[in-house]
Every structure is written in C-alpha cells, then in structure tokens.
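In: Sequence and predicted model, in that order:
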Number of protein chains: 2
Amino acid sequence: MRDISPEESQAAEIVREAFTETCRLFDYKLMEPSSLELFETLAAKSGQAIKDEIYYFKDKSNRDLGLRFDLTVGMTRYVTSKRDLSPPIRLGSYSSVWRYDEPQYGRYRWFYQWDAELFGPSSPEADAEIIEFSSSLFRRLGTNPLIAIGSRRILESYITNKCGISEEPKVLDMLRAIDKLSKKSVDQILQEYSKSFSRDQLELVAKFAQLRGEPNQVSKALSESEIEPTPLLEIIDALKTRGVSDAILDLSIVRGIDYYTDMVFEAFDKDNSRLGSLCGGGRYDSLPAIYGRPELGATGVAGGVERAVLAYKIKRKETERIFVAPIGKEAKVRIAASSIASSLRRGGIPAQSEIVERSLRKILEAQSALGTRAVVIVGERELAYDSVKVKWMKTGEEITLKISELETVLQSSA
Amino acid sequence: MRDISPEESQAAEIVREAFTETCRLFDYKLMEPSSLELFETLAAKSGQAIKDEIYYFKDKSNRDLGLRFDLTVGMTRYVTSKRDLSPPIRLGSYSSVWRYDEPQYGRYRWFYQWDAELFGPSSPEADAEIIEFSSSLFRRLGTNPLIAIGSRRILESYITNKCGISEEPKVLDMLRAIDKLSKKSVDQILQEYSKSFSRDQLELVAKFAQLRGEPNQVSKALSESEIEPTPLLEIIDALKTRGVSDAILDLSIVRGIDYYTDMVFEAFDKDNSRLGSLCGGGRYDSLPAIYGRPELGATGVAGGVERAVLAYKIKRKETERIFVAPIGKEAKVRIAASSIASSLRRGGIPAQSEIVERSLRKILEAQSALGTRAVVIVGERELAYDSVKVKWMKTGEEITLKISELETVLQSSA
C-alpha cells in the first residue's frame, strides 16, 4: 500500500482547508467515525457481498471486523446512537477509507474522502443545502462545477411500472446495471444479470435513463411518461434561490452504493469533463432506519480528495525558508548560527540551521537547489560587529546587517 | 472502537494547527506513511512478540499485514526507500495509529499522534533540534514544558560493565524492566524476567537509573562512576544555544520501544506533572540500518494528541453562527430567508437557514440553546421595504436593517 508523499500531502492540505472552511460557513461539525466497524454494521444495507470489496478480518477475540469503506455508514451509526442530538444534525468528516478492489489509475486501496451529512427532515431544502455545500466547496477550489441530479425513486418506479420488475433484488440489479452502462458493454451486463432481467427490459430502462438536460425539458418528458418529477423540480427551485444555477437533471445518475433512496447527484468540472465526477451523494433515508431511527431522514455528499486535487491548478507556494549558515567549524560561530535560527523561528520565520558540517559553498549549492529564500551567513569577522550577511538566493545580492535588524528585514521582505 | 466526537475533533484541531505551524517553522515536510504495513516490516526490530500488541491479520492474498502501531516505522521505511532524497531529511506526520492492548483511562486502541523525524547526521545538533521542536510545540500550546533526557547507551554500558550482563536479549529485558519500575513492583518484574537477571542486578541498575537532575550534577556523578556523559552534555549545550533551558538529565528515561539506540527523552508539563509524559522520542540509528541504509542516522519525537489536548486549557471559540428565520410558511418569505443565508455564506459569514418548518418561537428557543450569535428574522412586512430584523441573542436587542446592509453589519459586529 502506498505512502502519502510530502507533495501529495501539501496538495491535499488545500482541499482539507477548503472543506473545513465550507463546514464552518454551513456550520457542519467535524468528527471522525471509528476506522474499524463490526462487519455486521458495514453489511447492514449492502449484505454479505460487501465482504469482497473491503478489508475484512477477525480480531483476536474472533469478532468479524472491517476497515470502513466510506464515512457515511459510520457517521449514520454515530448519529443514530446519540439520542440526545436534536435534528437537524450537520456533520462533516475528512478522513481516510479502505477498499479492497483492484487498484486502477487514480484509485487507491487507501485514500482520503471529505464528507458532509445532514440528518433530519426529508425535505427538498435539505437536499438543496447538501448540493449548495458541494457547489460552494468546488467554487472555493476555483472549479466551475456542473451538478447533475437524478432520482432513484423515479427510476425504480419506471422499472416497476413500465418494465414489470417488482422484486427488490431485481430492481437493485437493474439500478446497478444502469450504473455500469458507461463502463461495460450491454452484453457483459446481460451476462452478469441474466437472472434479473431481459435484453428488452435493459434497453427500455437504458433509453429512459438517457433523459438528461435542462430541468424544464426533462420534467416535460417525465410528464409525458406520466411520471411525477418530484422532488427534482423542488430541489432545482431551492437551488436557484440559493444561487446555484448550474444544475441539470440526469436520470442515468444512480450511484454505486445500495443505501440511496431517492435524489442522487454528482458534480463535474465544466472546464475538464474528462476528470469524471468530482463527488457524489444523495438521500439515504433507509440507513438511519436500519440502525433503529426510522424517523430520521438523511442526505449527504462525499468526494475523494485526489479527485479534488486534480480539479484545480495548485499554485505551489514559494518557499519561505531561511537557512542560517556558519562559516567554518569554530564553536563560537556555529553557536551563533544555531541561536540565530532558533530566535528567527520564535519570531515566526521558518529557519533552519546547519546540523551537518558542510562548507559554505556546499551549503549555498544545496539551498539554491531547494529554493531557499535567503541564506544568513554567520562569519567571525561580521560577528565581531554583531552583524551577519544575508544572501538573497533569487538575485544573488548580498547585504550586511546587524543581528538585531535581521528579523524585521526578513519579515518585511517575505 | 470509539468515534471521535465533534467536541474531541475541535480540541484536536488546535493541536494539529500548532503542530503544522511548528513543522512550517522548522521546515519539516508533512507526509503520511501507509496505514497498513507488511507484518515483517512492523516486526523488523521488535520481533514476533509485537503480534500481540497490534492489529494483525491476513489479507485475501494470504499476506501477513498489520495496522501501523506508530508513525516512526513507516516514515523510516519511506525514507530508506527514497534514495533520491538527500539528507538531512525532515518529515512530520499527524495521523492515527492502532494498538491492540487493553484500553486504559485516556488510552484508546485507535488514536492520533503527531510525529517529527530527522534523518541524516548522528549528531548532538540533530538531537537538540528535535528537542527544540518538541519544546516549541508545547510552548505554542501554552504549556510550560520540562524536558527530561536520558541515554540508552549509558544505561546499557552500565548494565554490561557494572552488572556483567552482556547478551543483547538480557540487556533489552533489563531496559524494559527499568521502564516498568514506575508501574509495577520489583517482585512482579523479577518474576517476569527471572531468566535474564537477579534481584541484586535489578536493584543495582535501578539505583543507577535514579540519577536525575541538573545536567552538571548528573554529569559529575557519571564521571565518578567512570562513565562518559557523551552525548548528553553536548545536547544540553546545544539546547541552551537554542534557547531551551528547561532540560534535565534523567537516566530512568528508557522508552518502551526497542528501536532506540542512544539519547531518549520525554517532555512533562511543569504545571501539571500528574499528566505524565506529553511526548517521547530519541535516537534510533538501528532502524534505517535494518531497512538497508546503515549510513543514515535517525532521531525523532512523537506524542499522542489526546495528551496534548489535556496539556492546555482550550478556549472554546464563541460561535459565530447566524441563523436566518422565516416567519410563517409563505413561499416568498421562505425563499427570501434561504437566499439571504446563501448570500451571507458567500460573503464568508457562517449562516444557516431553516430547513424544517418550525414557528419563530421554536426557532429562537433552539438557537438560544445553541449559542447562536444573531437570528435574522425575515417577515412579510419588513420584506416589503427590503428589510429584515436582526435579533442579537446575547442581549435580546432587535434592530431593523435593509437587506443590503446586513452583511456589513454582521461582519463588523463579529
């Protein structure tokens, strides 16, 4: 399994900060659900099949455990167990998850997700708030997001009423098939689900799921099929009120996970559609019910941090580092250099002193390669006058300064 | 296993920020080693016995894996595998670890650690930098830290030369025994290690390990026992240069983990000694050697985040939240309220709108309990004049404002 390198950490930190700030503005409290869950909690909605997709093991007390595969399940278990919390309950989490599937490009077995969940009313306003949250996060990251909204309930009602498939496992298989249409051929899918539906049925639903575009157009087409466009139109209206105008309806949005019950959505980068979906979410009222709180509605969104990093151009911060270099090995000079670095740090300036005994030439070479802002050169001659030299690495310019002036000059040039 | 609640997350966030800022000042790059390691990597230094103390399991390909029990092992494995990094290499990590021991008060099986590691020269300056880092972090958290420094090498040389114990496993058992002296009785310890040393030997070493206090005094006592006080005195001198004066020598500091080779230290809160050690670290040159880079020295420090949270008084931030409450159920009023909340958020003001249909009285009650700063009341009468009421929750005072003035007034009163 991979390590998260300093370069990756630095990029992810920007996503974390944007997410934390969005949580602050929308008042979502940050928390983190347990990394390990009882297997039965993880399998509560998805069934035993989930065992193949997660890190599952037995602990030393022979309990069946799994590493969390998402944050939604743990956050829902947490909220349903806290009867003292009064809805609406808004929670956010920025934490890692584990999945035991085959590694693909840009997909890892261990990765970070950001996640926002809203527990309480099953209302279009709640769904709209979660979508506004997502849009607001990606705008903060400098992305131009397009929100595509679908509805599992509408798709399920079409599958049942127009295709005559009513058994729940078969309906779920059809939803999974629609989710896979972009990745697999119709023949492959038919082979996989031969017991659940026919080619005609799949083609009928696939054609219906192609409904995509401006809310008014899609809703007109739905009416023609005698299907109520609720709650999609209410959500679209609520989004307009909230200043989120870039939303379309897209009935092919299904989401891969079984716990969704009605509205589902994904966000895309308008300027870079090849990136795929930046995040996904929806309403999943069935999950709190499974954990014993059927009165609690739930809607939320999650996205992978790697995808969010790719979605915007990271401006690399110029390094601010100052390096304090002693000339020679004399104790007095080395002590002065080390003491100057410590005192700069106490003043809030990132500063390093030499802990290896390199020559000044070697130090300057190394610091130039690292992009260090300035090297403070401490020599015996200048020390006699309580002074040091400062070499600005970009220009090569050197100045001589009193040590007492150093902090002010470095701070004002930062 | 527990969840990390919003209250705990909020407190931990302050430690994370202080650690991140300290890393910035000392130029330690943040990274995160893999959460899962091959069991042989985790056992490289500690041997098979570590299996009892970690989450160990086989994955579906029958590989032996374990969840990391610290960050040092993974960071060292990472650095030794990256031959393109040129020393000194400074890394920091703020991540969680897993341990399978019995839960105790304030100890969990899953918890966060902060960790800073310096790979390169095996010099007193490098050790001093790590100690300065620790001191600087705790000062930033408002703590008054005392640093207690010991030396495994000195203790080992005493065990070998004065007690005649020279086999490595027995020497290690003696070190473990000294580490346990504060928690267990001599009889319990003798029973556990009956094969490695006698009562006389344990008492002799235990007495020597009581050497504790001002560096000059301890060093004098060491000289009387014909033991060289290196590198302890050099580290103390380097610390003085760096402005860290609150350091003592304490030969009973051993640290529980097997990879340390010489200097070991812990930090304590002078104003609250009952807290126990706030962090611990030391030099562990043997670990890079095991992973194939014997030329790389290593020194570092790590601490539990919970302990750091306890070490300082958290000032709870006053909530900044604004709540926008519509009066009644009329669509026009509700739309205005929702739109005002969104526009406040775009202006950087944390604001919530009503997604449940509660009466104004209920809303005011709930927001008062939550400590909300102000409730913006949107009613039909005021809307006719593009106005709203603002109720300051602390004083109960109400004012009427133009909607266009709202953002400025809320921002200036924050």
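Out: Structure's in. What do you need?
In: do you know how far residue A:182 is from residue A:149?
Out: 17 Å (CB to CB, to the nearest Å). C-beta: built from backbone N, CA, C; applies to glycine.
In: higher neighbour count, the two?
Out: Shown here are residue A:182 and residue A:149; by other CB atoms under 10 Å in any protein chain shown, residue A:149 has more neighbours (24 against 8).
In: Identify the bridge partners of the more buried one.
Out: Beta bridges link residue A:149 to residue A:249, residue A:265 when assigned by DSSP bridges.
In: Help me confirm that it comes into contact with residue A:263.
Out: Yes. Between residue A:149 and residue A:263 there is a contact under CB atoms under 8 Å: 6.5 Å.
In: got any residues that touch both of these two?
Out: Overlap of the contact sets of residue A:149 and residue A:263 (by CB atoms under 8 Å, 6 or more residues apart in numbering or on different chains) consists of A:232, A:235.
In: and residue A:400, which of the three is it?
Out: Following DSSP: H, G, I helix; E, B strand; the rest coil, the label given to residue A:400 is strand.
In: I meant residue A:100, not that one.
Out: Per three-state DSSP, residue A:100 ends up coil.
In: could you measure it against chain B, distance?
Out: Distance, residue A:100 to chain B, by CB to the nearest CB, to the nearest Å: 7 Å.
In: ok, now residue A:320?
Out: For residue A:320, the distance to chain B - CB to the nearest CB - is 8 Å.
In: tally of neighbours for that residue?
Out: Counted with other CB under 10 Å, residue A:320 comes out at 16.
In: need the residues of the stretch 51-200 of chain A near chain B, please.
Out: A:55, A:57-60, A:74, A:78, A:86-88, A:91, A:96, A:98, A:100, A:110, A:118, A:120-121, A:123, A:125-126, A:129, A:132, A:136 (CB under 8 Å from any CB of the partner chain).
In: again, only using 6 Å
Out: Proximity of the stretch 51-200 of chain A to chain B is confined to A:57, A:78, A:110, A:121, A:123, A:125-126 under the rule CB under 6 Å from any CB of the partner chain.
In: Generate a PyMOL selection restricted to the buried subset of those.
Out: Only the buried entries of these go into this PyMOL selection, using 16 or more other CB atoms under 10 Å in any protein chain shown:
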select buried, chain A and resi 57+78+110+121+123+125+126
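In: Report the distance from the helix or strand harbouring residue A:14 to the chain centre.
Out: Here residue A:14 sits within helix A:6-26, counting by DSSP states H and E. In terms of CA atoms, centre = their mean, to the nearest Å, the centre of helix A:6-26 is found 9 Å from the chain centre.
In: relative orientation of it and helix B:6-26 in degrees?
Out: 140 degrees (axes from the mean of the first three to the mean of the last three CA atoms, to 10 degrees).
In: can you list contacts of the next helix or strand after helix A:6-26?
Out: For helix A:6-26, the following helix or strand on the C-terminal side (DSSP H and E) is strand A:29-30. Residues from elsewhere that reach strand A:29-30, judged by CB atoms under 6 Å, 6 or more residues apart in numbering or on different chains: A:91-92, B:6, B:9.
In: Now the helix holding residue A:14 - C-alpha only, PDB.
Out: Written as PDB, here are the backbone C-alpha positions of helix A:6-26 (Å, rounded to 0.1, in the frame of the first residue of the first chain):
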ATOM      1  CA  PRO A   6       5.000  15.300   1.100                       C
ATOM      2  CA  GLU A   7       4.000  16.600  -2.400                       C
ATOM      3  CA  GLU A   8       0.600  14.800  -2.200                       C
ATOM      4  CA  SER A   9       0.100  15.900   1.400                       C
ATOM      5  CA  GLN A  10       0.700  19.600   0.500                       C
ATOM      6  CA  ALA A  11      -1.900  19.400  -2.300                       C
ATOM      7  CA  ALA A  12      -4.400  17.600  -0.100                       C
ATOM      8  CA  GLU A  13      -3.900  20.200   2.600                       C
ATOM      9  CA  ILE A  14      -5.500  22.800   0.400                       C
ATOM     10  CA  VAL A  15      -8.600  20.600  -0.100                       C
ATOM     11  CA  ARG A  16      -8.800  20.000   3.600                       C
ATOM     12  CA  GLU A  17      -8.700  23.700   4.300                       C
ATOM     13  CA  ALA A  18     -11.300  24.500   1.700                       C
ATOM     14  CA  PHE A  19     -13.500  21.700   3.200                       C
ATOM     15  CA  THR A  20     -13.000  22.800   6.800                       C
ATOM     16  CA  GLU A  21     -13.900  26.400   5.800                       C
ATOM     17  CA  THR A  22     -17.000  25.300   3.900                       C
ATOM     18  CA  CYS A  23     -18.000  23.300   7.100                       C
ATOM     19  CA  ARG A  24     -17.500  26.400   9.100                       C
ATOM     20  CA  LEU A  25     -19.700  28.500   6.800                       C
ATOM     21  CA  PHE A  26     -22.500  25.900   6.700                       C
END
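In: Now flag whichever of the contacts of strand A:29-30 is closest to residue B:325.
Out: Nearest to residue B:325 among those is residue A:91, at 22.3 Å by CB to CB.
In: show me the contacts for the closest one.
Out: By CB under 6 Å, 6+ apart, the neighbours of residue A:91 are A:29, A:31, A:75, A:117.
In: show me what contacts the closest residue to chain B within the stretch 151-300 of chain A?
Out: For the stretch 151-300 of chain A, the residue closest to chain B is residue A:242, as judged by CB to the nearest CB, at 4.2 Å. By CB under 6 Å, 6+ apart, the contact list for residue A:242 reads A:132, B:338, B:342.
In: Not counting its neighbours along the chain, what's nearest it?
Out: residue B:342 (4.2 Å; CB to CB, 6 or more residues apart in numbering or on different chains).
In: cool, and residue A:179?
Out: residue A:254 (4.3 Å).
In: Tell me how far the closest residue to residue A:308 other than its chain neighbours lies from chain B.
Out: Nearest residue to residue A:308, sequence neighbours excluded (CB to CB, 6+ apart): residue A:15, at 4.5 Å. Per CB to the nearest CB, residue A:15 is found 14 Å from chain B.
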